[in-house]
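Give me the fold of what follows.
(one chain, ligands or ions: 1)
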Amino acid sequence: MRGVFSEFGGDAILIYNTSIVDSNFIYMSGFTSGIFEHTALLVTKNRMVLLTSELEYQTALSQKPKEMKVVKYTGVEELKRHLGKLLDGAVVGVDMEFLPYSYFRKLKKLSGAKKFVDASRAFSKARLVKDDKEIECIQKAVDIVKHTFSGIENIFKTGMTEKELAAEFDNRMRINGAAEPSFKTIVAFSKNAALPHHAPDDTPLRANEFVLIDAGARFNNYCSDLTRTFIFKPDKSSGKYKEMKRMIDTVKEAQKLALDAITPGADGMKAHKAAEGHINTVNGGTYKGKFIHSLGHSIGIDVHDGGARLSGHSHSKLGKGMVFSDEPGIYITGFGGVRFEDDILVTDDGARLL
Ligand SMILES: [Mn+2]
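Now for the predicted structure:
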């Protein structure tokens, strides 16, 4: 079932949502509706048992996969009874990167399990390689953002704030089919674009300035993550414009070189170095050291899906079915920044843009 067990040696896996939902819960259940706080999901080699409250019971029944049994429980004594029946004496995998220690102790005691072992690596390994259905969802999430970007320049207006543009972008993503933005949309004007994770504020838009938008959509639980950089009302005769344009051309070329360096079997370092090498050497080294983050991260149910990275230190082996962002950038403090980001799928013999 979903490849998690082939990576894991124990008897069962226990996923327990606190007031935050574990993305492994979403991965295993496939649920797209409901909140499922304080819900437990028990997974064995060929079955799943969901222990949830009355509140979510009908929602669970309407979405459950065939192999899932849904059980209602109220209170800690009933939870103990169900967990004990299913896990007493078992070696149980839990996601130690998610489950808080206080819950770890409580659940171990309630279940009577022999031992809790860490299943976080089994999950991240299984989730790293996407099946066709997952790729379809990511593609849809990508299409929604691309569609939102097309024509967005028509709403740029002198004096509009970053917050206003972010709100408009989010609204359009929803109208275009997103369940929600997959993270807080970044809109950065002018020198704010030099801060890769700038939070939109009241900075007004001015002519001949950068407009950087980094946004993602969620579709059927799966995320996309794309960035575009524009120049608002360019003054093409200005030196500033020429510099901004050179930064844009350099980043776009770096992004292309990185895409060409992504092949199954290569390590995560190769593509990063292809982009970085170009940025560091172009135009006599003007931008040396100005690409200040990793080239890319794995994308799936989480925007930063873990498992593997495209970075200067990454030894991750790339393989067919993995999805990464390809997002080089140049950041010049006090002047501005440029980033272009697309999501790519590793194929049989290379990578293709989603
Ligand atoms: Mn990204």
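
Tell me where the model's unsure across the stretch 51-200 of the chain.
Within the stretch 51-200 of the chain, not a single segment meets pLDDT under 70.

show me where it has helices.
Using DSSP state H, counting those that start in this stretch, the helices of the stretch 51-200 of the chain run over residues 54-63, 75-87, 101-111, 120-128, 132-149, 162-175.

To the ion, which of those lies closest?
Nearest of the helices of the stretch 51-200 of the chain to the ion, taken as C-beta to the ion: helix 132-149 at 11.6 Å. Backbone N, C-alpha and C define where each C-beta goes, glycine included.

Which secondary structure elements does the closest one sit against?
When contacts are defined as 3 or more C-beta pairs under 8 Å, 6 or more residues apart in numbering; DSSP states H and E, helix 132-149 sits against helix 162-175, strand 209-215, strand 217-219, strand 222-223, strand 226-232, strand 342-346.

Return the backbone torsion pair for the residue of the stretch 101-250 of the chain found nearest the ion.
Nearest residue of the stretch 101-250 of the chain to the ion (C-beta to the ion) works out as Asp225 at 4.0 Å. Main-chain torsions, Asp225, degrees, to the nearest 10: phi -160, psi 110.

and it, how far is that from Val142?
The spacing between Asp225 and Val142, counted by C-beta to C-beta, to the nearest Å, is 9 Å.

got TSV for the helices of the stretch 51-200 of the chain, with mean neighbour count too?
As requested, the helices of the stretch 51-200 of the chain are exported to TSV (neighbours: other C-beta atoms under 10 Å):
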stretch	mean neighbour count
helix 54-63	15
helix 75-87	16
helix 101-111	15
helix 120-128	20
helix 132-149	19
helix 162-175	18
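
can you redo those as JSON lines with distance to the ion?
Shown next, in JSON lines, are the helices of the stretch 51-200 of the chain (distance: least, C-beta to the ion, whole Å):
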{"stretch": "helix 54-63", "distance to the ion": "29"}
{"stretch": "helix 75-87", "distance to the ion": "38"}
{"stretch": "helix 101-111", "distance to the ion": "30"}
{"stretch": "helix 120-128", "distance to the ion": "16"}
{"stretch": "helix 132-149", "distance to the ion": "12"}
{"stretch": "helix 162-175", "distance to the ion": "16"}
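
Go through these and name the closest to Ser237.
With C-beta to C-beta as the measure, helix 162-175 is the member of the helices of the stretch 51-200 of the chain nearest Ser237 (26.4 Å).

Please name the residues that touch the closest residue to His198 other than its chain neighbours.
Take His198 and drop its neighbours on the chain: the residue closest to it by C-beta to C-beta, 6 or more residues apart in numbering is Ala188, 4.2 Å away. Neighbouring residues of Ala188 by C-beta atoms under 8 Å, 6 or more residues apart in numbering: 162, 195, 198, 200, 210-212, 337.

picking up where we left off before, and for Asp225 and Val142, which residues touch both?
Jointly contacting Asp225 and Val142 under the rule C-beta under 8 Å, 6+ apart are Asp343.

sec struct for Gly10, please.
Secondary structure assignment for Gly10 (DSSP: H, G, I helix; E, B strand; the rest coil): coil.

ok, and the closest non-adjacent residue to it?
Excluding the flanking residues, the one nearest Gly10 by C-beta to C-beta, 6+ apart is Val91, at 4.0 Å.

Good, we can wrap up now.
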